[in-house]
Every structure is written in structure tokens, then in C-alpha cells.
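Novice: Curious how this folds, go ahead:
(one chain, ligands or ions: 2)
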Amino acid sequence: MSIENVMVIGAGQMGSGIAQVCAQAGYTVVLHDLKPEFTERGMSGIRKNLQRQVDKGRMEDGEKEDILARMSLSTDLENAANADLVIEAAVENMEVKSALFAELDNIAQKKTILATNTSSLPITEIAAATQRPQKVIGMHFMNPVPVMKLVEIIRGLATEDSVYKAVEEMTEKLGKVPVEVNDFPGFVSNRILMPMINEAIYTVYEGVAAPEAVDEVMKLGMNHPMGPLTLADFIGLDTCLYIMETLHDGFGDDKYRPCPLLRKYVKAGWLGKKSGRGFYTYET
Ligand SMILES: CC(=O)CC(=O)SCCNC(=O)CCNC(=O)[C@H](O)C(C)(C)COP(=O)(O)OP(=O)(O)OC[C@H]1O[C@@H](n2cnc3c(N)ncnc32)[C@H](O)[C@@H]1OP(=O)(O)O
Ligand SMILES: NC(=O)C1=CN([C@@H]2O[C@H](COP(=O)(O)OP(=O)(O)OC[C@H]3O[C@@H](n4cnc5c(N)ncnc54)[C@H](OP(=O)(O)O)[C@@H]3O)[C@@H](O)[C@H]2O)C=CC1
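Specialist: Ligands and ions are numbered 1, 2, ... in the order given. A predicted model of the protein is given here:
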């Protein structure tokens, strides 16, 4: 199963990072979103990242231009007709993902693999929106994509071995390390990470400590590169809430109850770094 042409759906922080690493590894990449201003914003982040590599002397200017030449932008889902692999990185919402997969199933060639970068939703359920569940797989990158080595790979109930193999090989070609995990809510990464972040939010909610103090404890005490509240802002508080809700619904266990303060911030539009305000404030 040969993969040359990749389409990435969603030009947010994850989609643009995935598009960048795919183009860097030699794939032809179409970066798709709902509106041109979103694809332009994603592309401008990619240009900045590549320019930084050139400025640091790690990449030739010509190499940067070659990478950019392999990339194009799309707001028409029909472009999926040319893809060997589609990687979906739209918002963490089952209705949106199911609708997208049903549409992609109609547009893409029969051989095309449909992968999702979902951080917690069941792959089997996303696959059930299509007539090709054997070609649907989870390919869960970590943020920031150009830096983080891990990709969790998750088979749905019907995923073919050849599809798993193709995605595993591609992950290695991207310079990442594939780790296979089973299809349970939050997989491994977010089943462990997100309850820790949620608990950090509870410590603020219950007045145990200020956000700065919570982060300092985890950075200096546990050697985490970012404190959990800085990390929550970095991931996006909307995404954190979606993941906690998936864990809560999926396991039916109150230990995954999202902190009311997390809900309140998301309702207020405080989504973290991407909206300029979360536990901290940021320049947008
Ligand atoms: C929610 C999910 O479903 C799953 C997830 O992704 S959970 C989130 C997982 N990610 C993490 O836990 C990240 C934790 N944080 C970190 O590892 C580090 O803070 C960090 C790598 C983000 C930044 O590292 P740092 O040492 O504090 O900062 P900094 O020196 O500026 O950056 C280190 C390198 O990363 C690069 N980098 C940082 N942010 C970047 C970004 N957004 N895009 C591209 N490159 C980036 C920098 O250019 C720098 O590269 P060089 O070393 O090659 O010069
Ligand atoms: N943030 C993180 O750390 C990680 C996130 N993920 C997962 O990656 C996915 C994307 O997250 P992230 O990049 O952070 O989110 P962002 O909010 O940064 O980006 C999502 C992008 O997808 C677009 N989008 C929404 N619906 C559609 C659609 N129907 N068709 C095309 N594009 C659409 C959004 O447009 P608009 O702004 O209009 O909604 C937005 O530009 C989620 O499933 C998330 O769980 C996985 C690993 C880590």
C-alpha cells in the first residue's frame, strides 16, 4: 500500500503540524479547512517553523522551498479524491468527525486510508460512519507535532493489518515512534494525562493553590517541562473538556468528572493560548 499524497483536514495547531512533518518527509500534502483564513493561518505557522530551522542553520533555504512546494491549501473536500491517506485533525467532536468521515468515504478512492488524529474518541465508532471500516485507523500525534516523537496508533475493530502496517511505516518515515494501543476512551496518553490536568484544575477550584504555584510544584518537583495548567492552555481548554467528557461518558466513572472550573472557562471562551486567555493570558 503506497502512500504519496496526503490530505490533512483541519489547519489548527495539530493539522498544521501534521502537514508540516509530512511535507518535510517528502509527501505531497493538501492542507484543508473550512475557510481560506484558517488554512492561511496554518500555513503561516508552518512557514515560521521552517524559517526558524533555516535561521538556526539546520536547513538550507532551498530545502525549505522544496517542502513548501509540496504543500497546497484546500477548502473543498472533493480534493480528497486525489489522496492516498487522509489524516483528520478537526475539532474533537464525534458529530463533526462522523459527518466528515461519511463525506470522505463518498469522495475518496476505495483504496484510500482514512486516519483520525482524535485524542480520545472511539475509532470503531468513527469508522462506522463509513462503508470502509477496514481502512479507518487512529493516528494520534502529540503537540507540538514537529517536536514530539510519539504517535499512538489505534486500530478500530475492523482495521486491516495492511492498513496498520502502512501507517506504522509512514510514522517511522516521519521520524516518529509508533506505539500501538487499543481502542478505549483516551487511549493511553489521555487516559493518564488528562485526569492529572483535571486534578490540577480542581486544586485551583478548591483554593489549594494559585495556578502559578500548581505549575511550579509539578515543574520543579516532578521535572515536567510544563506545569499542567500551562499544558492545558497549550492543548486548548475546549479539547481538554472534550477529552474529559469522553472519559466520563466512556467509562461511566465519576473519577473522570470534568472540573466545573474547566467548564466555566470553556463557556466563557477562555480556551487557553489559542484564544489569548485560559489559566494565563497570552498575546494573540
Ligand atoms: C492532548 C493530546 O491529545 C495529546 C498531547 O499532545 S498532550 C501534550 C503533549 N506535549 C507536551 O506534554 C509538551 C510538554 N512541553 C514540552 O515538551 C516543552 O515545553 C516544549 C517542547 C513544548 C518546548 O520546549 P522548551 O524547551 O520549553 O522551549 P524551547 O526551547 O522554546 O523549544 C524547544 C524546541 O522545540 C521547538 N518548539 C517549541 N514549540 C514549538 C512549536 N509549537 N512548533 C514547533 N517547534 C516548537 C523549538 O523551536 C525548540 O527547537 P530546537 O531545540 O530545535 O531549537
Ligand atoms: N491540542 C492538542 O494538544 C491535541 C489535539 N489533538 C486532536 O486534534 C484535533 C484538532 O485539535 P487542535 O488542532 O488542537 O484544534 P484547533 O482548534 O487548533 O483546530 C481545529 C481546526 O479544525 C477546523 N475544523 C473544525 N471543523 C471542521 C470541519 N468540519 N472540516 C474542516 N475543518 C474543521 C477548525 O475550524 P474552526 O476554527 O472554524 O472550528 C480549526 O481550524 C482534535 O481532534 C484534538 O482532540 C490530538 C493531539 C493533541
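
Novice: OK, contacts around the residue in the stretch 1-150 of the chain positioned nearest to ligand 1?
Specialist: Relative to ligand 1, the nearest point of the stretch 1-150 of the chain is S119 (2.9 Å; C-beta to the nearest ligand atom). C-betas here are computed from N, CA, C, even on glycine. With contact taken as C-beta atoms under 8 Å, 6 or more residues apart in numbering, S119 is in contact with E92, H140, G186, F187, S189, N190, T239, I243.

Novice: Confirm that it lies within a helix, as I assumed.
Specialist: No: secondary structure of S119 (DSSP: H, G, I helix; E, B strand; the rest coil): coil, not part of a helix.

Novice: Enumerate the residues of the stretch 51-200 of the chain near ligand 2.
Specialist: A89, A90, V91, E92, V96, L100, N117, T118, S119, F141, N143 (C-beta under 6 Å from any ligand atom).

Novice: Take those and keep only those in strands.
Specialist: Among those, the members found in strands (DSSP state E) are F141.

Novice: Out of the residues of the stretch 51-200 of the chain next to ligand 2, the closest to K176 would be?
Specialist: F141 (7.6 Å; C-beta to C-beta).

Novice: Correct me if wrong: the closest one contacts I18.
Specialist: Yes: checked against C-beta atoms under 8 Å, the pair F141 and I18 is within contact range at 5.7 Å.

Novice: shared neighbours, the two?
Specialist: By the contact definition C-beta under 8 Å, 6+ apart, F141 and I18 are jointly contacted by A89, N117.

Novice: neighbour-wise, which of the two wins?
Specialist: With other C-beta atoms under 10 Å as the criterion, F141 and I18 differ in neighbour count, and I18 comes out ahead with 28 against 23.

Novice: Can you confirm whether the helix or strand where that one lies lies near ligand 2?
Specialist: In this assignment (DSSP states H and E), I18 forms part of helix 13-24. Yes: using C-beta under 6 Å from any ligand atom, helix 13-24 reaches ligand 2 at Q13, M14, G15.
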